[in-house]
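# For reference, the sequence and a predicted model appear below.
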2 protein chains.
Amino acid sequence: METYPTKENIQSAHERIKNFIHKTPLLTSTQLNEITNSQLFFKCENLQKVGAFKMRGASNAILSLTDNDLVNGVATHSSGNHAAALAKAAKMKNVPAYIVMPENAPEIKKNAVKSYGGEIIFCKPTLEAREQTLNEVVKKTHAVFIHPYNNDKIIEGQATCAKEIFEEESDFDFIIAPVGGGGLLSGTSLATYYFSNNTKVIGAEPAGADDAFRSIRDKKIYPSVNPQTIADGLRTSLTKKTFGIISKFADEIITVREDSILKAMKLIWERMKIIVEPSGAVPFAVILENKEKFKNKKIALILSGGNCDLNNLPWNSNKQ
Amino acid sequence: METYPTKENIQSAHERIKNFIHKTPLLTSTQLNEITNSQLFFKCENLQKVGAFKMRGASNAILSLTDNDLVNGVATHSSGNHAAALAKAAKMKNVPAYIVMPENAPEIKKNAVKSYGGEIIFCKPTLEAREQTLNEVVKKTHAVFIHPYNNDKIIEGQATCAKEIFEEESDFDFIIAPVGGGGLLSGTSLATYYFSNNTKVIGAEPAGADDAFRSIRDKKIYPSVNPQTIADGLRTSLTKKTFGIISKFADEIITVREDSILKAMKLIWERMKIIVEPSGAVPFAVILENKEKFKNKKIALILSGGNCDLNNLPWNSNKQ
């Protein structure tokens, strides 16, 4: 039988990490409420350390290990925010972080990992190459592999985000989190089950990377094959662990079009004056595409990250 | 003898407006602390309603008037954030706002005023035309003229920003606010005098619009003539009222180069994931240019606004 983090596990995780993360603001916008006819609360994980909720899980994973466990450092494969978060969390404990990244990863993500002191090992941009390179790194360094989401400590950490929301506001009709590999949505689903009443949990997914939607619908895991979306954080596949938790504790997965993601992203930048990456705008895109469903509802949305290349914004790309 | 807002005036202003404004977050950034070797607290007025601290003063001015005073609405001349704030505050009271704007004002500012229901009257882009057009509008409509900063109620409102900072954190060595016409710096200086101990107040000004620096140095008001700066909110001149308060209650004005303003702005976007306009980045530019002075100090910086044209960012302009 599969087990999953308990209420106490999540409470302990929050205690463990709270001096190492930001308690991010829960912002409202009269303008966006007016546009949508709903009452929206944006949990600004784009303002989290390293610019993404990933800092929660990475901190919890590393702080849950003993100094002895950590003596050879940690390792992961990631082209995204988990890589930067793990490097930063490892630096807090003064241990090395070995990050396997595809050689075509964006410069901004490579620079972020380097700036936190992570050691990058490049590989070909295939899942096979990533896993093989990671295995070689672990064999050579004896570092502890910390998977970006198929890990209970990671999921507990991500769950603290929704826990903070429910500690600040109550009576939400819905909470919406983006879904890629499912770590954040798993944590959000569990935290909602433990710390809220009558709040429905929705996973937000790009239609061009709808493997989680199809997996939950058909009750079997489909891998994400050749995903086509600007939301680079949401191209990954569910694992047995995240699929299990989401199947049991989330209510629904809703997919959105690419043009809605861009529209949502630009509205958040323009009206809220905060920088959210495409993946982080996907929950708001769900609202924009389904205004009737959410009319007059009170909704928490997790703005999951804010790491964008400011020299190459999607709405400028046509002009250049 | 000149009078200025009292402690009680500012406390009353805060009570009056607090349900009409955001209590904006006071954010920290480990990365920016490391870059500057100081302890920085950023008061995010870029996340204020209408994207600028101007909402505080405009709300206080309008809410201080009786319904009878307001029966014919309000009027101002402004090409910037005060225009949008006054339009929004007038809408709260369901009275018209007549905004005299130079015909060459940025589209984004015109659209902001329109979106809050303000009625725009265009004029030639000279101070003379602005004042003459405003006089005609007031004569015709009998609206109440609310000056952007030469007004005690405006200054009391702007003072609530620093008051909030000191209610959340204490023991600041410095507080830094940008200075254009001096409304925010006046309010900040008074609030620091009333609500803080041993905190020095610094006005931050672009070197290309250094009229306040010269005015305070020479103890006489120099008008701002042909200012050359990207910080469009800081091109205005002090008035007798703001000059008087700043002379008495601020400690220093420090000017910064244009390249420092751009560097400060981009660092805030990249590292803090929030959108700050050039004028709002000027206090951080002061830190970047004077690292020794601020080393190991605890400093509050007011990020005064976040209204930028996202289709025309300064760091993209060379490429296009």
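Cool, got the structure.
# so what's A:I274 bridging to?
Judged by DSSP bridges, the bridge partners of A:I274 are B:I274.
# unless I'm mixing things up, it is touching A:L303, no?
Yes: at 7.4 Å, A:I274 counts as touching A:L303 under the criterion of CB atoms under 8 Å. Glycine gets a C-beta too; all of them are placed from N, C-alpha and C.
# Looking at those two, which is more packed in?
Counted by other CB atoms under 10 Å in any protein chain shown, A:I274 and A:L303 do not tie: A:L303 has more neighbours, with 30 against 25.
# how close does that one sit to chain B?
9 Å (CB to the nearest CB, to the nearest Å).
# now swap in A:I287 and tell me
Distance of A:I287 to chain B, computed by CB to the nearest CB: 20 Å.
# again with A:T28
Counting by CB to the nearest CB, the gap from A:T28 to chain B is 8 Å.
# Identify the residue spatially nearest to A:L190, adjacent ones excluded.
A:A159 (5.2 Å; CB to CB, 6 or more residues apart in numbering or on different chains).
# number of nearby residues for the one you found?
With other CB under 10 Å as criterion, A:A159 counts 33.
# again with A:K219
Around A:K219 there are 8 residues (other CB under 10 Å).
# contacting residues for it?
By CB atoms under 8 Å, 6 or more residues apart in numbering or on different chains, the contact set of A:K219 is A:S247.
# Quick check: buried residues in stretch A:28-35?
Neighbour counts over stretch A:28-35 (16 or more other CB atoms under 10 Å in any protein chain shown) mark A:S29, A:Q31, A:L32 as buried.
# And stretch A:135-143, by the same measure?
A:V137, A:V138, A:T141, A:A143.
# Would you mind giving the secondary structure of the first one?
Assigned state for A:V137: helix (three-state reduction, DSSP: H, G, I helix; E, B strand; the rest coil).
# got a list of what it touches?
Neighbour list for A:V137: A:A75, A:Y98, A:V100, A:I121, A:A143 [criterion: CB under 8 Å, 6+ apart].
# With chain B as the reference, measure out to the spatially most central residue of chain A.
Centroid-nearest residue in chain A: A:L184, 5.0 Å away (criterion: CA atoms, centre = their mean). Distance, A:L184 to chain B, by CB to the nearest CB: 17 Å.
# nearest residue to that residue other than its sequence neighbours?
Per CB to CB, 6+ apart, closest to A:L184 is A:Q158, 4.7 Å.
# and the one you found, how many neighbours?
33.
# picking up where we left off before, can you put the buried residues of stretch A:135-143 in TSV and add pLDDT?
Putting the buried residues of stretch A:135-143 into TSV (pLDDT from 0 to 100) gives the following:
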residue	pLDDT
A:V137	97
A:V138	97
A:T141	97
A:A143	98
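# returning to that earlier point: A helix includes the residue nearest to A:L184, no?
Yes: assessed with three-state DSSP, A:Q158 lies in a helix.
# hang on, isn't it packed against A:A52?
No: contact criterion CB under 8 Å: A:Q158 and A:A52 do not qualify, at 10.4 Å.
# what residues does the stretch 151-300 of chain A put near chain B?
Within the stretch 151-300 of chain A, the residues that sit near chain B (CB under 8 Å from any CB of the partner chain) are A:K266, A:W269, A:E270, A:M272, A:K273, A:I274, A:I275, A:V276.
# again, only using 10 Å
Listed as neighbours of chain B in the stretch 151-300 of chain A under the rule CB under 10 Å from any CB of the partner chain: A:K266, A:I268, A:W269, A:E270, A:R271, A:M272, A:K273, A:I274, A:I275, A:V276, A:E277, A:G280.
# Next: the stretch 1-150 of chain A.
Residues of the stretch 1-150 of chain A lying near chain B (CB under 10 Å from any CB): A:22-31, A:34, A:44-52, A:88, A:108, A:112, A:115-116.
# and those, which are buried?
Buried members of the residues of the stretch 1-150 of chain A next to chain B, counted by 16+ other CB under 10 Å: A:22, A:24-27, A:29, A:31, A:44-52, A:88, A:112, A:116.
# Out of the residues you listed, list just those in helices.
Secondary structure defined by DSSP state H assigns A:Q31, A:K88, A:A112 of these to helices.
# The second one - nearest residue in space that isn't next to it in sequence?
If you skip the residues right next to it in sequence, A:K88 has A:Y116 as its closest partner in space, 4.2 Å away by CB to CB, 6+ apart.
# Run through the residues that contact the one you found.
A:49-50, A:83-92, A:97, A:99, B:31 (CB atoms under 10 Å, 6 or more residues apart in numbering or on different chains).
# Number of residues surrounding A:T66?
By the criterion of other CB under 10 Å, A:T66 has 7 neighbours.
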